[in-house]
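Next comes the sequence, and after it the predicted model I'd like to discuss.
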Amino acid sequence: MYIKKRIYILVKTYPVVSDKYSELVCTAGILEDGSWIRLYPVPFRFLEDEKRFPKFSWIEVEVQKRSEDFRPESYSPNLDTLRVEEKMPVNWRERKRSILKSPVYSDLSQLIRQAKSSKKTSLAIFKPARMLDFKIRPGDREWDEKIRNRHEQAAKQVHLTMSAEEMKLLHRLPAKVPYDFYYQFEDENGIVSQMKIMDWEINALYWNCLRNAANDEAIALEKVRRKYWTEFMDRDLHLFLGTTLAHHHTAPNPFTIVGVFYPPVEKQISLFD
């Protein structure tokens, strides 16, 4: 049974290849009461232009609980009912008012216990006590053959009314970012963790910086570092954490960083922000 929900979008991860849906974006946000919801599947590149919602926007869509996903936040959207509300101008105070209705964790062990308990928490806001490092590691430059084959087989099974140009897009994998990005931080108990940043935003930033740097990767990576390390360290940084279905029960720490929230510290917010 589908129920209409109003959702404030906070998470859009970089596209991943799916056995069933060709490629998907992990999409999540909070409801008006501050509770989290995950939308799956969302083939973002193939949505109509008016339905391509940006981060920090309100949408309305009918959803139903995913029976094959034990995580309580996971729902399937009826994309035919998706409506994007008019995008509001940037107002950090209003964003904080909406987002921080949800609990903010500072003890990572507590959050992991909740993930492993009957609560099965799989999405949360986390506030590190201290940021330690931003790391960039080389990754694969191309999707491996197994992933390419999975994508091609899944693309053949997707039944959508598409133009010839859209069909070409369907069979073309999203560009593979050749680097992985990580934050290392301490929680309130001094426990050090390192988590991969899966956010679409950081990967899009890399591609934009690379284009602006005439394909000089060193310059592009330095600009990404400047944004996520130098600039964000002067902000009131919060991390949106999420688990994957495959590793929720098996990984000692099942969380990765699926988004970041970086408002100015309160004393810097003016009435005109």
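In hand now; what should we look at?

low-scoring stretches of this protein, by residue?
For the chain, the stretches with pLDDT under 70 are 16-25, 88, 143-174, 268-273.

quick check: domain ranges of it?
3-92, 103-141+176-268 (automatic domain parsing).

Adding mean neighbour count, write these out as CSV.
C-beta: built from backbone N, CA, C; applies to glycine. Below are the domains of the chain laid out as CSV (neighbours: other C-beta atoms under 10 Å):
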stretch, mean neighbour count
domain 3-92, 17
domain 103-141+176-268, 16
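
Would you map the strands across the chain?
For the chain, the strands defined by DSSP state E occupy 3-12, 16-18, 22-24, 27-31, 36-39, 58-65, 74-84, 104-105, 123-126, 130-138, 179-186, 192-196, 238-243, 255-261.

for those strands, which one sits closest to Glu222?
strand 130-138 (9.6 Å; C-beta to C-beta).

Starting from the closest one, tell me which strands it pairs with and how they run.
Its sheet considered, strand 130-138 pairs with strand 179-186 (antiparallel) by DSSP bridges.

Keeping just the C-alphas, turn stretch 185-192 into CSV.
C-alpha atoms of stretch 185-192 as CSV (Å, rounded to 0.1, in the frame of the first residue of the first chain):
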residue,chain,number,x,y,z
PHE,A,185,37.6,11.5,13.1
GLU,A,186,37.1,10.9,16.8
ASP,A,187,33.8,10.5,18.6
GLU,A,188,33.0,11.9,22.1
ASN,A,189,34.8,8.9,23.7
GLY,A,190,38.0,9.4,21.7
ILE,A,191,37.4,6.4,19.5
VAL,A,192,39.0,7.0,16.1
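
Now tell me what touches that stretch from outside.
106-109, 126, 128-132, 184, 193-194, 239 (C-beta atoms under 8 Å, 6 or more residues apart in numbering).

quick one: it to chain centroid distance?
Stretch 185-192 has its C-alpha centroid displaced from the chain centroid by 23 Å (C-alpha atoms, centre = their mean, to the nearest Å).

do the same with stretch 34-41
What separates the centre of stretch 34-41 from the centre of its chain is 11 Å, taken as C-alpha atoms, centre = their mean.

go on, stretch 55-65?
Its chain's average C-alpha position is 14 Å from that of stretch 55-65, according to C-alpha atoms, centre = their mean.

Need the nearest residue in space to Thr81, chain neighbours excluded.
Distances taken as C-beta to C-beta, 6 or more residues apart in numbering put Glu62 closest to Thr81, at 4.3 Å, once the chain neighbours are dropped.

Contact partners for that neighbour?
Glu62 touches 2-5, 77-78, 81, counting by C-beta under 8 Å, 6+ apart.

now do 6 Å
2, 4, 78, 81 (C-beta atoms under 6 Å, 6 or more residues apart in numbering).

what are the bridge partners for it, then?
Here Glu62 sits in beta bridges with Lys4, Asn78, going by DSSP bridges.

Just the closest of the contacts of Glu62 to Asp234, please.
For the contacts of Glu62, the nearest to Asp234 is Lys4 (39.6 Å; C-beta to C-beta).

wait, Asp133 sits on Phe181?
No. Asp133 is not in contact with Phe181 according to C-beta atoms under 6 Å; the separation is 11.3 Å.

Backbone torsions only: list them for Lys176.
Lys176 adopts backbone torsions of phi -90, psi 120, taken as degrees, to the nearest 10.

er, Tyr14 I mean
Residue torsions, per degrees, to the nearest 10, at Tyr14 are phi -70, psi 140.

contacting residues for it?
Tyr14 makes contacts with 200, 203, as judged by C-beta under 6 Å, 6+ apart.

what's the spacing between it and Pro264?
Per C-beta to C-beta, to the nearest Å, Tyr14 is found 26 Å from Pro264.

Over to Leu123?
Leu123 sits 25 Å away from Pro264, going by C-beta to C-beta.
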